[in-house]
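In: For reference, the sequence and a predicted model appear below.
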Amino acid sequence: MKLNTDINVVGGIPDFYMLYKALPLLNEDRSRVKNLIVERNEFELRTEKSRERFMHSLYSAFYTENKDINKLCLNLIQYFEKDEQSQALICFWLFSIKNDLFFDLNINVFLKSYFQGKVGLTSNDVFAYLKEEILPKAENVKWSESTLKSLSSKYLTILKKFNLVDGVKQRTFKTLTITDELLAVFLHIHYFNEKKNNNLLKDDFVKLSFISQESLVERIKKIAGKGHIQMSYLGTSLYIEPKYSINNIIDGIFR
């Protein structure tokens, strides 16, 4: 697992509206992005240092090595410009792909509690996991307790800004409705994610769909019935393939 503190940087973005507006710009060349964010100050950040930090966070936390993932997710963020919850989920999935620590916390802290039917999380829950499970296994990483506390707090801040939890000290889970179309989007992101296990029934990434394994097969059958994917289900294994090319996914699902 590669560890960094991008969670602190992303959690420090003052308004995620900026994130949803800025990320599609990454489809442009880097010099144009710098011109818009740093030189023209499109997002009205006070200092040049804060503008450069914001620009760096976009690439570091959300721009992956996988061109198909980048193209699909950035186009989806722009497509959902009037649907903030869908934009938030796309960014949540994208950050989970790019950042190993964010993914680990999502699977082993957030979603573990979510699927167990718990009410929510506290920063102490996150802090304990970082201290007891992450740091002992990390090589060449010696974070102080203050860094761990900051990561714990900013992680929960990110979840709140993504509209996944509510509250202040006790972050309570919000109920999410994943439409068939959004699930079809997620399945395509899953397919192009090189870190996945091809068998969805044994894959951790699929938990990010917020759909329990008990319901997953029937929901995917429904998506296949709508013609968005092909599926193969053999009881202990579930495989999918998209029916759309990377350039036609949005039109195919939302036509």
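Out: Perfect, thanks for sending it.

In: quick one, strands of the stretch 151-255 of the chain?
Out: With DSSP state E, counting those that start in this stretch, the ranges of strands along the stretch 151-255 of the chain come out as 165-166, 171-173, 229-233, 238-242.

In: how about a markdown table for the ones you listed, with mean pLDDT, mean neighbour count and distance to P24 added?
Out: The C-beta positions use only the backbone N, C-alpha and C, and glycine is treated the same way. As requested, the strands of the stretch 151-255 of the chain are exported to a markdown table (pLDDT from 0 to 100; neighbours: other Cβ atoms under 10 Å; distance: least, Cβ to Cβ, whole Å):
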| stretch | mean pLDDT | mean neighbour count | distance to P24 |
| --- | --- | --- | --- |
| strand 165-166 | 95 | 16 | 26 |
| strand 171-173 | 95 | 18 | 29 |
| strand 229-233 | 95 | 14 | 25 |
| strand 238-242 | 94 | 17 | 22 |
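
In: So for N66, which of those sits nearest?
Out: Smallest distance to N66 across these (Cβ to Cβ): 14.8 Å, for strand 238-242.

In: Summarise which helices and strands the closest one is packed against.
Out: On a contact count with 3 or more Cβ pairs under 8 Å, 6 or more residues apart in numbering; DSSP states H and E, strand 238-242 meets helix 180-192, helix 213-225, strand 229-233.

In: now for the second one, which elements pack on it?
Out: Contact here means 3+ Cβ pairs under 8 Å, 6+ apart; on that basis helix 213-225 packs against helix 180-192, strand 229-233, strand 238-242.

In: Those: which one's closest to T157?
Out: Among the helices and strands packed on helix 213-225, the nearest to T157 by Cβ to Cβ is helix 180-192 (23.6 Å).

In: For G167, give me its contacts.
Out: 120, 160 (Cβ atoms under 8 Å, 6 or more residues apart in numbering).

In: So it versus L216, what's the distance?
Out: Going from G167 to L216 by Cβ to Cβ, to the nearest Å gives 28 Å.

In: same check, this time on T47
Out: Counting by Cβ to Cβ, the gap from T47 to L216 is 46 Å.

In: now do D15
Out: Distance, D15 to L216, using Cβ to Cβ: 34 Å.
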